[in-house]
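Undergrad: Sequence first, then the predicted structure, then my questions.
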Amino acid sequence: MQFEVNAPISIETHMKISKVMDGDSIKVTSIFNTNEKEIRLYGIDAPEIKICRKLRDDERRVHLAGEFMMYLAQLSARFLLSVAPPGTKVTLITERDNMLDIYKRQLAYVILPDGTCLNELLISEGYARAASEYYCAKLSDFQVLNFAAKQAGQGLYAYAPNF
């Protein structure tokens with residue numbers, strides 16, 4: 001599978017996942033050193049794993065209890081761990097005009113060793129939704145994948161039609 005992005009990009013190879021933070025962010029290190037950085041996956045949003053302002057905002061947006069949203073977050077993180085556990089070698093693709101989120105985490109498409117884009121996989125399997133909070137060149141493709149996952153009741157959509 002080949003992943004194409006039309007925006008100007010930078011590519012980082014020889015990275016490996018050191019920790020799964022939640023359903024839409026991971027920590028990675030270079031295989032050459034121990035410098036760790038947090039990566040927020042482009043174009044997706046998964047429920048929050050702990051109580052925070054965003055969880056409360058999501059409760060109001062989707063009309064679901066925070067505790068239930070945190071349960072969905074656990075399912076999302078478990079799925080991410082099952083397909084990309086710590087130690088998985090990855091390639092990061094970052095759009096040069098959109099490199100960081102508001103928390104100064106690097107935004108990236110995460111490419112797995114078999115060429116699968118982790119961002120796309122999480123959306124197509126229903127464990128994250130397409131989100132426009134951080135624009136990315138693949139957003140419209142992600143929205144199509146998200147619609148299909150929602151219609152099929154994939155992943156988290158089996159528990160909640162909106163999350």
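TA: Good, I have the coordinates. Only a predicted model underlies this, so the values are computations on that prediction, with no experimental measurement involved. Numbers count the residues shown, from 1 in each chain.
Undergrad: Using CSV, write out every CA atom in the top helix by length along the chain.
TA: Counting residues, the longest helix found in the chain (DSSP state H) is helix 66-83. C-alpha atoms of helix 66-83 as CSV (Å, rounded to 0.1, in the frame of the first residue of the first chain):
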residue,chain,number,x,y,z
GLY,A,66,-17.7,11.2,30.4
GLU,A,67,-17.2,7.8,32.0
PHE,A,68,-18.6,6.1,28.9
MET,A,69,-16.4,8.2,26.7
MET,A,70,-13.4,7.1,28.8
TYR,A,71,-14.4,3.5,28.3
LEU,A,72,-14.5,4.1,24.5
ALA,A,73,-11.1,5.8,24.8
GLN,A,74,-9.7,2.6,26.4
LEU,A,75,-11.1,0.5,23.5
SER,A,76,-9.5,2.9,21.0
ALA,A,77,-6.1,2.8,22.8
ARG,A,78,-6.3,-1.1,23.0
PHE,A,79,-6.9,-1.3,19.3
LEU,A,80,-4.0,1.0,18.6
LEU,A,81,-1.8,-1.1,20.9
SER,A,82,-2.9,-4.3,19.0
VAL,A,83,-1.9,-3.0,15.6
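Undergrad: At which residues are the strands of the protein located?
TA: Applying DSSP state E to the chain gives strands spanning 9-22, 25-30, 36-41, 44-45, 89-95, 106-111, 129-130.
Undergrad: what about L139, how many neighbours?
TA: Other residues within reach of L139, judged by other Cβ atoms under 10 Å, total 15. For every residue, glycine as well, the C-beta is placed using N, CA and C.
Undergrad: ok, and the closest non-adjacent residue to it?
TA: G43 (5.2 Å; Cβ to Cβ, 6 or more residues apart in numbering).
Undergrad: which residues touch the one you found?
TA: 119, 123, 130-132, 134, 136, 138-139, 142 (Cβ atoms under 8 Å, 6 or more residues apart in numbering).
Undergrad: what is the orientation angle of the least confident helix or strand in the chain by mean pLDDT with helix 66-83?
TA: Least confident helix or strand, the chain: helix 53-62 with a mean of 90, by mean pLDDT, DSSP states H and E. Here the directions of helix 53-62 and helix 66-83 differ by 110 degrees (axes from the mean of the first three to the mean of the last three Cα atoms, to 10 degrees).
Undergrad: Okay, buried residues for helix 53-62 please.
TA: Applying a neighbour-count criterion of 16 or more other Cβ atoms under 10 Å, one finds 55, 58-59, 62 buried in helix 53-62.
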